[in-house]
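**Student:** Quick one: sequence and predicted model below, then my questions.
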Amino acid sequence: MDALLRAKGMNTGYDQLQILWDAALDVKAGERVVVLGSNGAGKTTLLKSLIGILPLWSGTIEFDGHSVDRLRTDGRVRRGMAYMSEVGIIADLSVEDNLRIGGYFSSRDALKSKMEAMFKEFPILRERRMEAAASLSGGQRKMLAAARALMGDPKLLMMDEPSAGLSPLLVTEILRLVKNLEGRNMAFLIAEQNIKFLEVATRVYVLDSGRIIFSGTVDELQTNDAIRRAYFGVDAV
Amino acid sequence: MLKRLGSMGLPLVVLVLIFAVGPYTVFNNPATLFEMMAFLALAQGINVLYGFTGYLPFGYVGFFGAGAYGASVVVLKLHFPILLAILAGGVIAVLISVILLPMLRLSGAYFAIGSLAAAEIVYNVVANPNLQSVTNGPYGINLAPVFNATLSYWLMLVLVLVAVTFVIWLRHSSFGFSLLALRDDPVSAGMAGVNIVRTRTLAWLASAFIAGLAGAIYAWHISVFYPGTMFDLNISIFAIVFTLFGGRATVWGPIIGTVVLYGLYNWIGFSTPQYFQLVYGLLIVGLVLFLPNGVMSLIGRRRKSRHAERKGAVMNV
């Protein structure tokens, strides 16, 4: 199967500081790929450069058969990429308005039915629909970020540390959401340091100091002694 | 649906009552009402730009003056009919805004100062004695041959109604909504697929067009003017203060701001002019301290507390 997302030789960073070094990855349609890395490994930088918030210094990104590395963020989103992060929430707007902006390209009727579906998936958002997003708790913000990203019916949803700052119960809730969305034929690229997300992964990349040091299935990761020692500790997985 | 349409059309009805019926009933002073309408059109133009995108254009008067001089040159040198010349005034303001598009890369105070400098450049070009054959340089313009106070009055009212209708549309359209999202968080708006550059550009051009038309009609109405009249920085400042006083990104804000503050300006300015600067200064300080989001935010607060009360009542049932 052809890759939905194919990135090669990605080099980027902030000002003079290079963060990503020749990173390459691909995601096939419907796949759930987890990019595992510790704090400061470059996970957010990777996703930001894939969605176009951070420009590439060099490298190529193809999405759905088209080169997107010269497109701005909105162009990539229109092609079907979505980036779920708390950054994506507009704090001053209400929960409902955040969802509306997520479904910006939908017709009025489609917007209504999508919003209803999101409220069904996340009942707390319905309860707080008129309140400013700034007033939501950390977990509720994650839900809103996920719902907002899903409003655009993306082909690929990139999730930036969805478990960060959440209680174990809420992490389970996020994992349930990823599993629930399996039927949508939507691909996931999840950047995480929480190994619980390996439960939902079909493939894994390990990112260390801005370099991809492993690529393979969860089973291959678990049997790779070098990775186990370096990243998890010998008996952790 | 009917209720919604009614509430959307209410500002237009109020404006027609003030400016079309008013002169024949309660307030027979067309000169003051005309100036008020000119400021109202400018305040709505600033509302489109500052209210919906966050760009504060201190040099907004540049578009106003460009529209005035553009229309005048077209009517005096090219002998176009006045209505076509007024449209040309708007188009010339848009052309200048196209030249100034790179300024949208600036933000905050840098944009405000940049727009001020841009207006000063346009002013100096218009007032340049070397361009006397085109703009008559510093010696001013005389539109007496086409002067028509009545028609220009009604045309300004049409412009105000069109500008207000445009803002009503912005408040209820996905385009206006994308502008608001862009104003609050451009990165986030881009992540929702909003084309940031195109959306901002359209708001900038529309705002310039409104100012250009207002300048052209104003020039037609007063008929004799100098560069200093049309590029007076106070025009920008007044229109900005009127917008801020009422509340940006609202339909009613610039209307309330202009009617109240311009009314006050005329009242105090004529009755006790020595106190005018003091009262105005206190009003602006009070506005910044107690109502940074304008008078309309009071109504927003009331609505929110009613919503909270209702929610509380439902939860208590």
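**Tutor:** Received, thanks.

**Student:** Next to chain B, which bits of chain A? Give me the list.
**Tutor:** Within chain A, the positions near chain B by Cβ under 8 Å from any Cβ of the partner chain are A:51-53, A:72-75, A:77-78, A:82-83, A:87-93, A:97, A:100-102, A:104-105, A:130, A:148, A:152. Using the backbone N, CA and C atoms, a C-beta is placed for each residue, glycine as well.

**Student:** If you go by neighbour count, which of those are buried?
**Tutor:** A:51-53, A:72-75, A:77-78, A:82-83, A:88-90, A:93, A:97, A:100-102, A:104-105, A:148, A:152 (16 or more other Cβ atoms under 10 Å in any protein chain shown).

**Student:** Which of those residues fall within helices?
**Tutor:** The helices, defined by DSSP state H, take in A:51, A:73-75, A:77-78, A:97, A:100-102, A:148 from these.

**Student:** ok, so of those residues, who is nearest residue A:18?
**Tutor:** residue A:51 (19.2 Å; Cβ to Cβ).

**Student:** Enumerate every residue touching the closest residue to the closest one other than its chain neighbours.
**Tutor:** Leaving aside its sequence neighbours, residue A:51 sits nearest to residue A:83 (Cβ to Cβ, 6 or more residues apart in numbering or on different chains; 4.2 Å). With contacts defined as Cβ atoms under 8 Å, 6 or more residues apart in numbering or on different chains, the neighbours of residue A:83 are A:47-48, A:50-51, A:53, A:77, A:149, A:158, A:160, B:191.

**Student:** what do you get if the cut-off is 7 Å, keeping everything else the same?
**Tutor:** Contacts for residue A:83 were tallied using Cβ atoms under 7 Å, 6 or more residues apart in numbering or on different chains; they are A:47, A:51, A:149, A:158, A:160, B:191.

**Student:** picking up where we left off before, among the ones in helices among the buried ones among the residues of chain A next to chain B, which pair sits farthest apart?
**Tutor:** Farthest apart among those - using Cβ to Cβ - are A:75 and A:97, which lie 23.2 Å from each other.

**Student:** can you give me phi and psi for residue A:66?
**Tutor:** Per-residue torsions, residue A:66: phi -120, psi 150 (degrees, to the nearest 10).

**Student:** what separates it from chain B, distance-wise?
**Tutor:** According to Cβ to the nearest Cβ, to the nearest Å, residue A:66 and chain B sit 16 Å apart.

**Student:** And residue A:209, by the same measure?
**Tutor:** Note on residue A:209: its distance to chain B, by Cβ to the nearest Cβ, is 26 Å.

**Student:** ok, that residue - contacts?
**Tutor:** Neighbours of residue A:209 in contact, by Cβ under 7 Å, 6+ apart: residue A:41.

**Student:** Show me which residues of the helix or strand of chain A with the lowest mean pLDDT are buried.
**Tutor:** In chain A, the helix or strand scored least confidently by mean pLDDT, DSSP states H and E is helix A:225-227, which has a mean of 77. Across helix A:225-227, burial judged by 16+ other Cβ under 10 Å covers residue A:227.

**Student:** other SSEs contacting it?
**Tutor:** Judged by 3 or more Cβ pairs under 7 Å, 6 or more residues apart in numbering or on different chains; DSSP states H and E, helix A:225-227 is in contact with no other helix or strand.

**Student:** Now do the strands in the chain.
**Tutor:** Just so you know, I chose chain A. Ranges of strands in chain A, per DSSP state E, are A:3-14, A:17-28, A:32-36, A:58-63, A:66-67, A:81-84, A:156-160, A:187-192, A:203-208, A:211-216.

**Student:** ah, no, chain B please
**Tutor:** Along chain B, counting by DSSP E, strands occupy B:141-142, B:224-225.

**Student:** and the residue lying closest to residue B:41 once chain neighbours are set aside, how far is that from residue B:67?
**Tutor:** Of all residues not flanking residue B:41 in the chain, residue B:214 sits nearest, at 4.2 Å (Cβ to Cβ, 6+ apart). Separation of residue B:214 from residue B:67 (Cβ to Cβ, to the nearest Å) stands at 7 Å.

**Student:** Can you check which residues contact both of those two?
**Tutor:** The contact sets of residue B:214 and residue B:67 do not overlap (Cβ under 7 Å, 6+ apart).

**Student:** what residue ranges in the chain score low on pLDDT?
**Tutor:** No chain specified, so I'll use chain A. A:1, A:86-87, A:229-237 (pLDDT under 70).

**Student:** look at chain B instead
**Tutor:** Along chain B, segments meeting pLDDT under 70 span B:1-7, B:300-317.

**Student:** switch the cut-off to 80
**Tutor:** Chain B contains residues with pLDDT under 80 at B:1-8, B:26-28, B:269-274, B:276-277, B:280, B:284, B:288, B:299-317.

**Student:** For the least confident helix or strand of chain A, what is the distance to the chain centroid?
**Tutor:** 26 Å (Cα atoms, centre = their mean, to the nearest Å).

**Student:** Need the winner for burial among the strands of chain A.
**Tutor:** With neighbours defined as mean count of other Cβ atoms under 10 Å in any protein chain shown, the strands of chain A peak in mean count at strand A:81-84, which reaches a mean of 28.

**Student:** now residue B:98: how far from chain A?
**Tutor:** Applying Cβ to the nearest Cβ to residue B:98 and chain A gives a distance of 21 Å.

**Student:** any idea how far that residue lies from residue B:201?
**Tutor:** The span separating residue B:98 from residue B:201 equals 9 Å under the rule Cβ to Cβ.

**Student:** Neighbour count: those two, which is higher?
**Tutor:** Comparing residue B:98 with residue B:201 by other Cβ atoms under 10 Å in any protein chain shown, the one with more neighbours is residue B:201, at 16 against 12.

**Student:** Surely that one touches residue B:103?
**Tutor:** No: contact between residue B:201 and residue B:103 fails when scored by Cβ atoms under 7 Å: they sit 11.2 Å apart.

**Student:** so who does the most centrally placed residue in chain B touch?
**Tutor:** Against the mean C-alpha coordinate of chain B, by Cα atoms, centre = their mean, the closest residue is residue B:42 at 1.9 Å. Residue B:42 makes contacts with B:60, B:64, B:211, B:214, B:235, B:239, as judged by Cβ under 7 Å, 6+ apart.

**Student:** Need the buried ones from these selected in PyMOL.
**Tutor:** Buried subset of the contacts of residue B:42, written as a PyMOL selection, criterion 16+ other Cβ under 10 Å:
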select buried, chain B and resi 60+64+211+214+235+239
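
**Student:** just checking, which of the contacts of residue B:42 belong to helices?
**Tutor:** Secondary structure defined by DSSP H assigns B:64, B:211, B:214, B:235, B:239 of these to helices.
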